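Novice: need a 3D model of the following:
(one chain, ligands or ions: 1)
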Amino acid sequence: MRIPFLDLNAHHAPLRVELDAAIAQVIDRSAFAGGPFVAAFETEFATYCRARYAVGLGNGTDALWLTLLALGVGPGDEVITSPSTFIATAEAISFCGAQPVFVDIDEVTYTLDAKLIEAAITPRTKAIIPVHLFGQCADLDPILDLARRRNLPVVEDACQAHGAEYKGHRAGSLGVAGCFSFYPGKNLGAFGEAGAVVTNDEALKNRIQVLRDHGQAKKYYHSCVGWNARMDGIQAAVLSVKLKHLDAANARRREHATEYGDLLADCQEIVLPVELNHNHHVYHIFAVRVPDRDRVLQALSELGIACGIHYPVPLHLQEAYRFLGHARGAFPVAERCADKFLSLPMYPELAAVQVREVAAALKQTIRVAREVEYAHAD
Ligand SMILES: *Cc1c(COP(=O)(O)O)cnc(C)c1O
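Specialist: Below is the predicted model:
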């Protein structure tokens, strides 16, 4: 049995009639760039996140970038974030002309280690971006406390955490802004590129709305230099349909995570994801840590099981950020994790039998490696 890492067709098939109708409506009204479908989705998504406002954008990278621009982040500034994330988090900082300042992650949740942040704050620090990696929120209370004391805004990178919760609050609703990506493979995915910012701050919402539309609040009157970062009408209409099914889809992911956990618990070499008590993890990625990761990945691939690595190289060791001057060892937890992370197939429509097959294959692969090792030790 071939088991894909992700199966979008399986997710869309039962929604296909509804999705086709939604797209047809946008075509009938020629509401392609921004417009009423985007406005409707913004209201729905803000409500879903329990935030006052949402601003629909072109993608998640735009959401991070325009939020930082709207907060006044610019050349010479520093923004604190995690090295264990997709590069977009740091790119958004760089495209403001600012510098990403990395802080190592916590080895249990793989999110920013709140204890290490204060030491990284300088007079140039302008914001903190915790990343809710894999679908679990960073430990926001100590981060928000510190930020309040130091008068810094917290921007949540919630691009992997649609519907996740921290102490009963939805991801994205606790910082000054929460940034989301609707890249097709995300828990809430469009039929192309899309993103959004949610916020309770009306002035910030207004600034992002102006920035996403060439710096204009009124057509052809440009109050500042902005950009084109609008959401497509078709993407908004698709997202409105899919949003209604997000909680059910996340619930399925959580069931698979529980099942993986039960099946893999007796293999001591595997480090399982840990959901902290106050968190509601939505398992965008189900990442385990395994010894000899690359060999395990290859062996599973030969069995027809597609896994991933999120991410093989932490940002401070990427060529793009070599100019920051970090050597191996600078952020040891992020590095240790990157060497062992293995993402198992995870999507709502995964069948129980597939979860069992992946778990059995993973354990068998590790057992074989263990026996080879013992044989060598003799
Ligand atoms: C996907 C993602 C982004 C970027 O979103 P795009 O829509 O691809 O631009 C940013 N941060 C994280 C953590 C992501 O996973």
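Novice: break down the stretch 201-350 of the chain into its helices, ranges please.
Specialist: 202-211, 233-243, 246-264, 293-302, 332-340 (DSSP state H, counting those that start in this stretch).
Novice: okay, those helices in a markdown table with mean neighbour count, mean pLDDT and distance to E156 next?
Specialist: Heads up, the C-betas are built off the backbone N, CA and C, glycines and all. Formatted as a markdown table, the helices of the stretch 201-350 of the chain follow (neighbours: other C-beta atoms under 10 Å; pLDDT from 0 to 100; distance: least, C-beta to C-beta, whole Å):
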| stretch | mean neighbour count | mean pLDDT | distance to E156 |
| --- | --- | --- | --- |
| helix 202-211 | 18 | 98 | 13 |
| helix 233-243 | 24 | 98 | 19 |
| helix 246-264 | 17 | 98 | 17 |
| helix 293-302 | 16 | 97 | 29 |
| helix 332-340 | 18 | 98 | 19 |
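Novice: out of the ones you listed, which is closest to the ligand?
Specialist: helix 233-243 (11.0 Å; C-beta to the nearest ligand atom).
Novice: ok, now which ones touch the residue most central in space within the chain?
Specialist: By C-alpha atoms, centre = their mean, the chain has its centre lying nearest to Q160, at 2.3 Å. Applying C-beta atoms under 8 Å, 6 or more residues apart in numbering, we find Q160 in contact with V131, H132, L133, F134, G135, S181, K186, N187, H284, I285.
Novice: point me to the residue of this structure nearest the ligand.
Specialist: Closest point on the chain to the ligand, by C-beta to the nearest ligand atom, is G60, at 2.5 Å.
Novice: for that residue, the count of nearby residues, please.
Specialist: Counted with other C-beta atoms under 10 Å, residues neighbouring G60 total 27.
Novice: same check on P123?
Specialist: For P123, using other C-beta under 10 Å, the count is 5.
Novice: next one: I87
Specialist: Going by other C-beta under 10 Å, the residues that sit close to I87 add up to 16.
Novice: repeat for the one 10 residues further on
Specialist: Residues within reach of G97, counting by other C-beta under 10 Å, total 13.
Novice: isn't it up against P75?
Specialist: Yes: with contact defined as C-beta atoms under 8 Å, G97 counts as touching P75 (3.6 Å).
Novice: including distance to the ligand, could the helices of the stretch 201-350 of the chain go into TSV?
Specialist: As requested, the helices of the stretch 201-350 of the chain are exported to TSV (distance: least, C-beta to the nearest ligand atom, whole Å):
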stretch	distance to the ligand
helix 202-211	15
helix 233-243	11
helix 246-264	15
helix 293-302	20
helix 332-340	14
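Novice: mind putting those into TSV with distance to G56?
Specialist: Shown next, in TSV, are those (distance: least, C-beta to C-beta, whole Å):
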stretch	distance to G56
helix 202-211	10
helix 233-243	6
helix 246-264	16
helix 293-302	36
helix 332-340	32
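Novice: and of those helices, who's closest to I23?
Specialist: With C-beta to C-beta as the criterion, I23 lies closest to helix 233-243 of the helices of the stretch 201-350 of the chain, at 5.6 Å.
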